[in-house]
Each structure stands twice: as C-alpha cells, then as structure tokens.
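Pasted the sequence and its predicted model underneath.
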Amino acid sequence: MGMKYAYYPGCTAHTTSKEYEMSVQAVCEKLGIELVEVEDWNCCGALEATGLLLYALNARTLALSEKQLPDLDLVASCNACYINLAKTSVALREDEELRKKVNNIIQMEYKGTVRVRHILEVIANDVSEEELKAKIEKKLNIKVAPYYGCFTGRPSRAAFDDPDEPTSMDKVLKIAGAEIVPFGYKAKCCGGGLMMFHPEISFAMSRKILEAAKNAGADCISVACPLCQMMLDAKQGDIEEKYNIELKIPVLYFTQLLGLALGIPPKKLGIDKVMVPAKDLLAKIG
Amino acid sequence: MIKAWETDPNFKYEIMREPGGEHLLSCYQCSTCTLGCPIVEVGKELGFEYNPRKVIQMSILGLRKEVLSRPEIWFCASCQICYEWCPQDVRFSEVMGAIHRIAEREAEKGNIKIESRRPDFEHAFLNQVRKYGRQYEAGLMREFYKGRLLQMIKDYRKMGTALFLKGKVALFPDKIKNAEEVARIFERVEEEEKKIAEEAGKA
C-alpha cells in the first residue's frame, strides 16, 4: 500500500483522549496505514505557547522527524498539535531567516522539509474511496453532525480543509454509511481554549454547537480534536446544568465511528471511555 | 477622556517588534475580524465588550495602558477567524498573542494588574512542558490551583473521578529522554524576548 507516516500522538493520547488514540491506531491498522511514532517528541505548546516559543517547540519535533524518518509526512491527530506543527513547518519553510533563528534556539539543523498532515485528511485523501468503501463491514445508519473545530481549516495558509465549509469528515462518514445533518456550527469555535479560566465563555460557545446538532436531528456529534471533545462531551453535563437544558447527545471521535463501520469491536475503539453514554447509539448502529 | 499627550506613539512599534505583531499597521479598520469573532457575540450575551477592531485602533492611537489593562483582551479563544478573514493579513490572533506577552511583562514589573487567571494557567501549563518535555495534567492542576486546593476539588472532583475510573488520568509525568533540551529552548526564547523588549524600550 505504501501508506507510511511519521506520527505525533500528542500529550493527551494516553490520558484525556485515550479513546481517540485507541481508535486512530485500530482504524489505521485496518486500513493499512503505518504510523511510526517520532522518538522523544515534545509538547506542541497547545494554545499556551505563542510567537517564538511556539515555533521553537515545534521545530524540535519537526527536526527529530526529519532526521529519524526522512521523506515521511508527519501526521498528528489533535487539531491543536496539527495546526501548531503545520504553522511552524510553513513558516520555517518560507522564511529562511526565521528558520536560522529558530535552529539556533533549538540547537538543531532543521532543513524545512517536513510536511505536516492531519489524520482526518490522510484518511479522507490518501485512502481511495473505493478502498474505503470495500472495507466497510457495517453501515452506520445514524445521523451525524460533523464538528471540525477551528484548526482543520484555519488559518488556511497552514490548514487543510475549507475554513468556513469543511467537508473531509462529511466525506469519510458518508462512506461509512452515516447521514450528515445540515449543521451551521461545523467550524465555529467551541471555546475549549478558555475553559480553565473563563468557563462561562466556553460554555456559551459549546452550548450553541450542542443545541444546533440536536436541533438538526443528529444522533451524535463527530469530532477530531481532544479539546473539542472535552468541551462537548465531558462538559456537556455542566452545560446542561448551567442552562437548565437537556442535551444527552453522544460525542465521538470520527475514528471511533469509522472504526465501528469497519467492523472493529467497540471496546477496542474505547467507546466506553466517553463521558456521555453511547450505549443507545451503539444499539442504533446495530 | 484621554489627552493626546498622554498617548504612547511607540506602543504600535512595540507590538510590531514582537513575533506575531508585525502586520498591525496594515489594518484599515474594516471590522471584518470583529464581525466574525465568536467572543464579540458571547460578549453581547454575557455583558462585556470585546472588539478586535477597537483593540487595533487603540493600539495604533497609543492607548497603551488602556489596552494592556482591559480584562477583555484575555478572552480571545484563538479560533483564527480574524486571521482567516482579514483582507489585509493583519493576523489579529497573532497580534493578540503579542499584546498578551507585553502585558505579562508589564504585570511582572508591577506596572499593571491582570484581572484574568489566563497568564497563571499559561505559566502552569508551560512549566510542566519545561520540566518534562510533555504535558503533565496532575502537575498542571496542582500548580494552577496552588493555594486553592478546595476549589480544585470542588471544580474537578466529579470529572476527575470519572476520568480516573476510565483510565484517562496519568499519576506520573511522561518525561522525555532529552527534557533538558526543551528546558534550554525555554531559556533561549526568554533571552530573545528580553532582547526584543529592550529594543522596544530604547526606541
């Protein structure tokens, strides 16, 4: 198949977003995608590192990837990790002065050759439609509201999908047999970055997304980012309480949904690890 | 009312010297950023005024203390709508980052008071990365909630327990082999930023 990539799991892969990592690995194994983890990668800085620090932290990971796995694209599964690595790779590829400055800070010789990809884009584009269709064992037959978050499409200088009307997740889930509901909040910010210190703002933002999905008749929301998932899933109960509303809408990673369609057992996809119970959803899928 | 001679004409250059603030003067005040900003919308619901266009305008006019002390500047969610939609490539989300860094330096010197816990969270977060090379959530929470342990238990008892039972909590940090390399990166970036701040001070 020839689908081999350098892999950047990110800091929450074995903690808060364990089920995302489990489902990414399970799906990639089924699709023949080989992910080789970069050794000794460091944190991307999430939304806390800015400016020069952001570039330097990610340049170190890029330099390691370039050295250990030359000519391989670097794949990330978390939106924030993805955009930080992608922004850095674009900036250092375009600006030689900046690259020299950053190389001096990291004390490594990054040549600027690494291309950064998001696992969603790899599955949507590198796996052919025919091949994906052929591997589907059980059509999902549920209504899904695909939620892309901010960084799958913005800033478009570095990101891969359309900044206002992204479609990669729609495409993948349609092949998996899901019905995609019309959903005006697919790329509107969930406020996750503000959760720890201005939660009232995050709640106001995530509430809109949850209600929009529910009103559109979705059985569940599909995501591609651990922070978005936490806001919409783990915090859903708090949002219900704050606004005195009932939502009860499961929020799963797109790889979990795709995994179910590929016939991978729910346990292996970490379906039991999400906070809003997905038992009814599983029953509906059958 | 602010008097013209109380403004700081150097402030715009100070922002432009920071990584991320370079394109500030490209702004022609079209409001596109503000029309797209989700925080502006939430502000109308929750009763605060957040206006990216005005932040730029105030910065260019030299209203340094006003901009740096506004509590609303800490509400940016980094959603990149402003970056994406701006017809002039101002990259306001990056300008915001630059303004934050200037504000944090002023707060350290004791010149302004920051009314948001955001800088504390950023420090707690980055301190873990500095020590271990990767995030360590338990360490982050301990540091961020230092002196407020009861509040932490109140805020996170339910979710923390649920996460723990689902095997999603690491008790110990996942320290990388060459963590000192990361610590050194922080040191060198701090030196660079100090140089930038000194340059701005001289102008």
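Perfect, thanks for sending it.

Find the centremost residue of chain A, please.
Centroid-nearest residue in chain A: A:Ala224, 2.8 Å away (criterion: C-alpha atoms, centre = their mean).

could you list every residue that touches it?
A:77, A:79, A:118-120, A:148-149, A:152, A:169, A:253-254 (C-beta atoms under 8 Å, 6 or more residues apart in numbering or on different chains). Where you see a C-beta, it was placed from the backbone N, CA and C, and this is true even at glycine.

What about the residues you listed, which are in strands?
Using DSSP state E, the members of the contacts of A:Ala224 that fall within strands are A:118, A:253.

The contacts of A:Ala224, buried ones only, as a PyMOL selection?
Remark: buried members of the contacts of A:Ala224, expressed as a PyMOL selection using 16 or more other C-beta atoms under 10 Å in any protein chain shown:
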select buried, chain A and resi 77+79+118+119+120+148+149+152+169+253+254
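
domains of chain B?
Domain assignment for chain B by automatic domain parsing gives B:7-115, B:118-189.

just these: most buried one?
domain B:7-115 (a mean of 19; mean count of other C-beta atoms under 10 Å in any protein chain shown).

right, is that one up against chain A?
Yes - using C-beta under 8 Å from any C-beta of the partner chain, domain B:7-115 reaches chain A at B:18-20, B:38-39, B:42, B:45-46, B:74-75, B:77-81, B:83-84, B:91, B:94, B:97-98, B:100-101.

coming back round to it: any chance of the domains of chain B in CSV, with distance to A:Glu131 and mean pLDDT too?
As requested, these are arranged in CSV below (distance: least, C-beta to C-beta, whole Å; pLDDT from 0 to 100):
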stretch, distance to A:Glu131, mean pLDDT
domain B:7-115, 33, 96
domain B:118-189, 33, 95
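
Quick test: name the residue nearest the centre of chain B.
What sits nearest the mean C-alpha location of chain B, by C-alpha atoms, centre = their mean, is B:His100, with 4.3 Å.

Spit out the contact partners of it.
B:His100 is in contact with A:50, B:73-74, B:118-119, counting by C-beta under 8 Å, 6+ apart.

how close does A:Gln68 sit to A:Asp164?
Computed as C-beta to C-beta, to the nearest Å, the A:Gln68 to A:Asp164 distance reads 37 Å.

ok, now A:Val27?
27 Å.

And these two? Which one has more around it.
More crowded of A:Val27 and A:Asp164, by other C-beta atoms under 10 Å in any protein chain shown: A:Val27, with 25 against 15.

wait, is that one part of a helix?
Yes - according to DSSP: H, G, I helix; E, B strand; the rest coil, A:Val27 belongs to a helix.

residue furthest from the geometric center of chain B?
In terms of distance from the mean C-alpha position of chain B, B:Leu165 ranks first, at 33.3 Å (C-alpha atoms, centre = their mean).

is chain A contacted by the one helix or strand B:Lys154 maps to?
If you go by DSSP states H and E, B:Lys154 is part of helix B:149-165. Yes - judged by C-beta under 8 Å from any C-beta, helix B:149-165 and chain A are in contact via B:159, B:162-163.

A helix includes A:Thr12, no?
No - going by three-state DSSP, the assignment for A:Thr12 is coil, not a helix.

And for it, nearest residue in space, chain neighbours not counted?
Nearest residue to A:Thr12 in three dimensions, chain neighbours excluded: A:Pro226, at 4.6 Å (C-beta to C-beta, 6 or more residues apart in numbering or on different chains).

All set now, cheers.
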